[in-house]
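*Asks:* I need the structure of the sequence given here:
(one chain, ligands or ions: 1)
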Amino acid sequence: MAQYRTIWISDVHLGTIGCQADYLLDFLKHNEAHTFYLVGDMIDGWRLKKSWYWPQAHNDVIQKILRKVRKGAEVFYIPGNHDEMARQFIGMTFGEIQIREDMIHITAKGKKLWITHGDIFDSVMQYAKWLAYLGDNLYTLILSVNRYFNYIRIKCGFQYWSLSQYLKTKVKNAVNFITDFEVLMTREAKNRKCDGVVCGHIHKAEIRLIDGLLYCNDGDWVESMSALVETLDGELQIVYWPHILDDDIEYSPLEIKPLPPSVAHQSNSGTQLPTALTTESLNL
Ligand SMILES: [Mn+2]
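*Replies:* As a prediction, the model looks like this:
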């Protein structure tokens, strides 16, 4: 069990087949913190609206987080674009989880970090969105190829390897998009008189200095299984968790079955999700 001062996670996309909930459950089991920040896209309202998908492991993630609150951890939830339905609850507290639009975190070393999901510049960046030309469906396909590929890799005793992360580092437009994003985010952190920014959104974990400002991205639980952590003495690190330490949690990527249509229909009609979320093509 590792004890941190702070843990940031985002882009879990609960409610999608791509969500690697078992890895996250294992991560949460082995890592504790005084403060947790859930930095958006925790639940994927866009996808749930299209088709209902909610396996037990996705419930378990929420239960695990609530249990951390009960045991004394402070948990803040900063909604993103995929869970923007939660933005109507900003300023409220649910089960001791505080919902905020954005936040300032001061590290043990006195660094002032602006925390935000990262979609605020999407309108500015619309011509550079790297996935806009790849398309949502192709992204989903890559994730699913990735999942089967890794199922076989792990069966054969190899480690997890992310195809989509690899593509992001190789496709020129993707690289440009990520650089533009990082620069914009740090510039805005500077405007807000902070020493840096913590965000998610682009599914690419990172810690680096840009013009003297700290750019931290806590990654995702769809492709790279990564979190940002602050150690007890104020060091920031990225933790990758592409493995499951516990034998009792079964890794079962091939057991993904959609709900029967009747159940899917019932669940959908009983779910209060906003109607204005369908036009976005970008799956971030
Ligand atoms: Mn996002």
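
*Asks:* interface residues of the chain facing the ion?
*Replies:* D41, G80, N81, H201, L284 (CB under 5 Å from the ion). Yep, even glycine has a C-beta here, placed from its N, CA and C like the rest.

*Asks:* can you give me the strands in the stretch 1-150 of the chain?
*Replies:* Under the criterion DSSP state E, counting those that start in this stretch, the stretch 1-150 of the chain contains strands at 2-9, 31-38, 74-77, 93-94, 97-99, 103-106, 112-115.

*Asks:* weakest of those strands in terms of mean pLDDT?
*Replies:* Of all those, strand 93-94 carries the lowest average pLDDT, namely a mean of 91.

*Asks:* What's the separation between P242 and L141?
*Replies:* 20 Å (CB to CB, to the nearest Å).

*Asks:* More neighbours: which of the two?
*Replies:* It is P242, of P242 and L141, that has more neighbours when counted by other CB atoms under 10 Å, with 16 against 12.

*Asks:* Isn't that one up against Y160?
*Replies:* Yes. In this structure P242 lies within contact range of Y160 using CB atoms under 8 Å: 3.4 Å.

*Asks:* from the residues of the chain next to the ion, which has minimum pLDDT?
*Replies:* Scoring the residues of the chain next to the ion by pLDDT puts L284 last, at 61.

*Asks:* what's W52 sitting at in phi/psi?
*Replies:* Main-chain dihedrals, W52, degrees, to the nearest 10: phi -80, psi 130.

*Asks:* what do you get for G196?
*Replies:* phi 180, psi -180.

*Asks:* Equivalent analysis for A227, please.
*Replies:* According to degrees, to the nearest 10, A227 has phi -140, psi 160.

*Asks:* Next, the contact list for it, please.
*Replies:* I7, W8, I9, F27, N31, A205, D218, G219, I238, V239, W241 (CB atoms under 8 Å, 6 or more residues apart in numbering).

*Asks:* cool, and W241?
*Replies:* Contacts of W241 (CB under 8 Å, 6+ apart): Y23, L24, D26, F27, M225, S226, A227.

*Asks:* Grab the nearest non-local neighbour of the second one.
*Replies:* The reference is to L24. W221 (4.7 Å; CB to CB, 6 or more residues apart in numbering).

*Asks:* The one you found and D195, how far apart?
*Replies:* In terms of CB to CB, W221 sits 27 Å off from D195.

*Asks:* Name the residue in those two with the higher neighbour count.
*Replies:* W221 (29 against 18).

*Asks:* returning to what we had before: and the contacts of A227, which two are furthest apart?
*Replies:* Farthest apart among those by CB to CB are N31 and A205. That separation is 14.9 Å.
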